[in-house]
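In: Can you look at this prediction? I've put the sequence above it.
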Amino acid sequence: MSHRTPPGRAPDYTDAFLAVTGLLLFMALLTLAALAGWIWALLAGAALDRAILALPRRG
């Protein structure tokens, strides 16, 4: 029989986990907001293009 010392306590990574999870959530929400803004800009540009083309030409 060997006499080993019991292992110590496991390291507490709770703070690191919460910090990284918060950062990932922030990046995910920022990405979604950027994509929504990009789509909104495309739709607004297409609508303005249609509106400008619908205007009567001068001259």
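Out: Perfect, thanks for sending it. Every value quoted in this text rests on a predicted model; they were computed, and no experiment measured them. Numbering: from 1, shown residues only.
In: could I get stretch 39-52 in PDB with only the CA atoms?
Out: Extracted in PDB, the C-alpha atoms of stretch 39-52 (Å, rounded to 0.1, in the frame of the first residue of the first chain):
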ATOM      1  CA  ILE A  39     -29.600  44.900 -43.000                       C
ATOM      2  CA  TRP A  40     -31.500  48.000 -42.000                       C
ATOM      3  CA  ALA A  41     -29.100  50.200 -44.000                       C
ATOM      4  CA  LEU A  42     -29.500  47.900 -47.100                       C
ATOM      5  CA  LEU A  43     -33.300  48.100 -46.900                       C
ATOM      6  CA  ALA A  44     -33.200  51.900 -46.400                       C
ATOM      7  CA  GLY A  45     -30.900  52.400 -49.300                       C
ATOM      8  CA  ALA A  46     -33.000  50.200 -51.600                       C
ATOM      9  CA  ALA A  47     -36.100  52.100 -50.500                       C
ATOM     10  CA  LEU A  48     -34.500  55.500 -51.200                       C
ATOM     11  CA  ASP A  49     -33.200  54.300 -54.500                       C
ATOM     12  CA  ARG A  50     -36.700  53.300 -55.500                       C
ATOM     13  CA  ALA A  51     -38.100  56.600 -54.300                       C
ATOM     14  CA  ILE A  52     -35.500  58.600 -56.200                       C
END
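In: residue ranges with poor pLDDT in this structure?
Out: Per-residue confidence for the chain (pLDDT under 70) gives these ranges: 1, 59.
In: what ranges do the helices span in it?
Out: Using DSSP state H, the helices assigned to the chain run over residues 14-54.
In: Spatially central residue for it, please.
Out: Nearest residue to the geometric centre of the chain (Cα atoms, centre = their mean): residue 28, 2.3 Å.
In: mind checking how far it is from residue 9?
Out: According to Cβ to Cβ, to the nearest Å, residue 28 stands 33 Å off from residue 9. Where C-beta positions appear, they are placed from N, C-alpha and C, glycine not excepted.
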